[in-house]
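A.B. asks: Below is the sequence, then the predicted model.
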Amino acid sequence: MTYARTRISKAVIPAAGLGTRFLPATKATPKEMLPVVDKPAIQYVVEEAVAANLSDVLMITGRNKRPLEDHFDRNYELESALTAKGDEARLARVQESSDLATMHYVRQGDPRGLGHAVLCAEPHVGDQPFAVLLGDDLIDPRDPLLGRMIEVQERHGGSVVALMEVDPSQIHLYGCAAIVPTAEEDVVRVTDLVEKPAPGEAPSAFAVIGRYVLDPSVFAVLSKTQPGRGGEIQLTDALRELAQEDGPDGPVHGVIFTGRRYDTGDRGDYLRAIVRLACERDDLGPDFRSWLRTYVREEMQD
């Protein structure tokens, strides 16, 4: 089935994971709500979607994810208290999250993998191309990856994945793409995809990171995709089928990303992300960098 090309306006953010790597912090708090400096990680992701002119955001949630909805809703009691205090700066920051985008929510129910989470978005997305943003990957706003991906999709059709070159020893942690170059330095044609390849079996060192712009034809493929690695329905498997077809739904392209990416799904990288972002803040950076230099110097002397 083919679809008329329309301007992409919808973003899907899967957020049903349990966050077990961050237990016990995530026992009662969704991992997406863990703070990165002074904003929850999920807000950075929504802000990225909005910066790419995606005004309609659907979150795929699960049990114990109600705080996500509350964060992007109005808190009239808090707003009233801040107004009474005349604290306009904090009031603006509180209201910022509720004014970002038109937010929608659907529960995944049975957590059957990323492919299943994306499939849950079909009734909302319909026959339009759409973006998928994974919350564990924070992309620095100075490196507008998503906007570039949308541009490529609108020009070529089909689906677009974000790729980043990683050390070959780490490729088994990611989906991996077999690629051929195009006339554009940062755009490649994806010919095959392998989910977490065994060492020595990866077709390249280019890993799929957590940004996708998908043609709606992916839904038909996902609906018949059998569970793969880990007993889950893998989005990578569906994209692999589309990449290997030369059909009417368009190719699969990759945008090679060389900018700043912060992985908040790993505890060590989460801490490094906080340090990097705090150092770059105008309000926090000068004092924090000064303290950090002193701390590192004292640690090296011990």
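C.D. replies: In hand now; what should we look at? Numbers count the residues shown, from 1 in each chain.
A.B. asks: continuing past the helix or strand containing residue 269, what's the next helix or strand?
C.D. replies: Taking DSSP states H and E as the criterion, residue 269 maps to helix 267-279. Next helix or strand after helix 267-279 toward the C-terminus (DSSP H and E): helix 285-301.
A.B. asks: Compute the inter-axis angle for that next one and helix 267-279.
C.D. replies: Between the axes of helix 285-301 and helix 267-279, defined by axes from the mean of the first three to the mean of the last three C-alpha atoms, to 10 degrees, the angle is 130 degrees.
A.B. asks: Return the list of helices and strands in contact with helix 285-301.
C.D. replies: When contacts are defined as 3 or more C-beta pairs under 8 Å, 6 or more residues apart in numbering; DSSP states H and E, helix 285-301 packs onto helix 267-279. C-betas here are computed from N, CA, C, even on glycine.
A.B. asks: how close does residue 86 get to residue 42?
C.D. replies: 29 Å (C-beta to C-beta, to the nearest Å).
A.B. asks: State the number of residues packed around residue 284.
C.D. replies: 14 (other C-beta atoms under 10 Å).
A.B. asks: Apart from its neighbours in sequence, what residue is nearest it?
C.D. replies: Of all residues not flanking residue 284 in the chain, residue 278 sits nearest, at 5.1 Å (C-beta to C-beta, 6 or more residues apart in numbering).
A.B. asks: what residues are up against that neighbour?
C.D. replies: The contact partners of residue 278, by C-beta atoms under 8 Å, 6 or more residues apart in numbering, come to 37, 284-285, 288.
A.B. asks: of all those, which comes closest to residue 8?
C.D. replies: residue 37 (29.5 Å; C-beta to C-beta).
A.B. asks: List the contacts of the closest one.
C.D. replies: Neighbour list for residue 37: 274, 277-278, 281, 284 [criterion: C-beta under 8 Å, 6+ apart].
A.B. asks: and it, how far is that from residue 270?
C.D. replies: Computed as C-beta to C-beta, the residue 37 to residue 270 distance reads 11 Å.
A.B. asks: For the helix holding residue 269, list every residue counted as buried.
C.D. replies: By 16 or more other C-beta atoms under 10 Å, the buried positions in helix 267-279 come out as 270, 273-274, 277-278.
A.B. asks: Now do it: distance to the chain's middle.
C.D. replies: On the basis of C-alpha atoms, centre = their mean, to the nearest Å, helix 267-279 sits 17 Å off its chain's mean C-alpha point.
A.B. asks: mind checking pLDDT for residue 194?
C.D. replies: Per-residue confidence at residue 194 stands at 88 (pLDDT).
A.B. asks: For residue 13, which residues count as its bridge partners?
C.D. replies: residue 59 (DSSP bridges).
A.B. asks: Please renumber the chain so that the first residue is 685 from this point on.
C.D. replies: Renumbered: residue one is now 685, and that last one reads residue 697.
A.B. asks: Surely it and residue 728 touch.
C.D. replies: No. The pair residue 697 / residue 728 is not scored as a contact, 11.1 Å apart, by C-beta atoms under 8 Å.
A.B. asks: Show me which of residue 770 and residue 726 is the more surrounded one.
C.D. replies: More crowded of residue 770 and residue 726, by other C-beta under 10 Å: residue 726, with 26 against 8.
A.B. asks: Quick check: the gap between the closest residue to that one other than its chain neighbours and residue 889.
C.D. replies: Spatial nearest neighbour of residue 726, chain neighbours left out: residue 716 (3.9 Å); criterion: C-beta to C-beta, 6+ apart. For residue 716, the distance to residue 889 equals 29 Å [C-beta to C-beta].
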